[in-house]
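Colleague: when you get a sec, could you give me coordinates for this:
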Amino acid sequence: MAGYDIQTLDTLMTAISFIVGAMVGSFLNVCVYRLPKGESVVKPRSRCPKCESSIVWCDNIPMVSWLMLGAKCRNCKTPISWQYPLVEAITAALFGAVYVRYGFTIASPVYMLLSAGLVLVTFVDLTDWTIPNEVTFPGIPLGLVCALVAMFVPGTNLMILAPPSVPIFSALLGAVVGGGILYALDKGALLILGKRGMGFGDVKLIAMLGAFFGFPAVVMIIAIAACCGAFLGYALILMQRSKGEEETAHYIPFGPYLSFAGVVVMLFGQYLYNLWITNMGIEILQQPY
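Modeller: Model prediction:
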């Protein structure tokens with residue numbers, strides 16, 4: 001009976017996490033639109049970007065309202081971008097996945113907050129080619145604070161791969177190594193190719209992820225992001241060749257790849273690491289939860 005009650009509670013909490021994530025995603029849509037413009041994300045209330053009419057509450061239900069309105073503004077009938085329900089759905093799915101992965105622990109709300117930040121980074125970078133400092137500037141010290149608290153409060157270590165006894169050192173090393181690697185790549189590209197390899201926003205983003213996940217997880221994040229970027233770049237080249245077009249350079253924002261890799265490590269990092277070191281015959285680091 002007790003097992004059934006726990007299972008029911010977990011199902012309920014997963015559903016609640018999904019709903020909360022969808023609501024947070026709705027707010028992230030406001031941030032994606034306004035932050036690059038330097039506008040307040042609090043005032044005025046949500047409105048149509050075309051006719052500027054305020055959106056009533058029943059037209060602001062995550063995902064549902066977009067479908068009910070036929071993807072058009074109720075007043076001016078301007079099409080509403082698919083980006084809005086997509087951001088809400090992704091954020092909802094991530095919140096639910098985080099709870100399924102970490103359950104009723106301190107890691108869940110922290111990683112939900114981090115997930116929201118990564119969704120925001122992804123869509124701002126895709127639409128504006130910038131990574132908002134509103135995410136990375138508070139994110140780096142927040143990751144370090146979480147690691148510092150873990151040294152004094154048992155059971156609060158968020159480092160997926162770091163030993164429980166050294167979370168703050170792992171966080172500091174992750175932030176420095178992660179940021180250092182991308183900074184070196186950027187300077188190397190500028191020196192060799194005469195053009196920047198990536199923006200400094202990427203350096204701050206990987207430093208934030210390093211502060212949250214520590215070392216060696218940050219190296220895994222960079223490797224996954226680089227592989228994803230190379231795969232997409234090669235796919236674009238193949239598409240050009242198949243159409244008989246002349247191959248041209250494609251500049252793709254790196255923030256979404258880093259964010260995706262951060263989510264992969266957050267949800268599956270321990271399993272990937274254990275798989276790798278098992279094949280190498282190295283002692284497995286135990287999951288701290």
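Colleague: which stretches of the stretch 151-289 of the chain have low pLDDT?
Modeller: 162-165, 193-197, 243-251, 277-289 (pLDDT under 70).
Colleague: where along it do the helices fall?
Modeller: All helices of the stretch 151-289 of the chain, identified by DSSP state H, counting those that start in this stretch, fall at 167-192, 200-213, 217-242, 255-280.
Colleague: Serialize these to JSON lines and add fields for mean neighbour count and distance to residue 40.
Modeller: To be clear about C-beta, it is placed using only N, CA and C from the backbone, and glycine gets the same treatment. Shown next, in JSON lines, are the helices of the stretch 151-289 of the chain (neighbours: other CB atoms under 10 Å; distance: least, CB to CB, whole Å):
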{"stretch": "helix 167-192", "mean neighbour count": "18", "distance to residue 40": "30"}
{"stretch": "helix 200-213", "mean neighbour count": "26", "distance to residue 40": "21"}
{"stretch": "helix 217-242", "mean neighbour count": "16", "distance to residue 40": "32"}
{"stretch": "helix 255-280", "mean neighbour count": "19", "distance to residue 40": "23"}
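Colleague: would you reformat these as JSON lines and include distance to residue 137?
Modeller: Below are the helices of the stretch 151-289 of the chain laid out as JSON lines (distance: least, CB to CB, whole Å):
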{"stretch": "helix 167-192", "distance to residue 137": "13"}
{"stretch": "helix 200-213", "distance to residue 137": "7"}
{"stretch": "helix 217-242", "distance to residue 137": "18"}
{"stretch": "helix 255-280", "distance to residue 137": "15"}
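Colleague: wait, which of those is closest to residue 122?
Modeller: Minimum separation from residue 122 across the helices of the stretch 151-289 of the chain (CB to CB) falls at helix 255-280, 4.4 Å.
Colleague: what helices or strands is the closest one leaning on?
Modeller: Counting contacts by 3 or more CB pairs under 8 Å, 6 or more residues apart in numbering; DSSP states H and E, helix 255-280 packs against helix 83-102, helix 107-128, helix 200-213, helix 217-242.
Colleague: nearest to residue 154 among these would be which one?
Modeller: In terms of CB to CB, the element of the helices and strands packed on helix 255-280 nearest to residue 154 is helix 107-128, at 13.9 Å.
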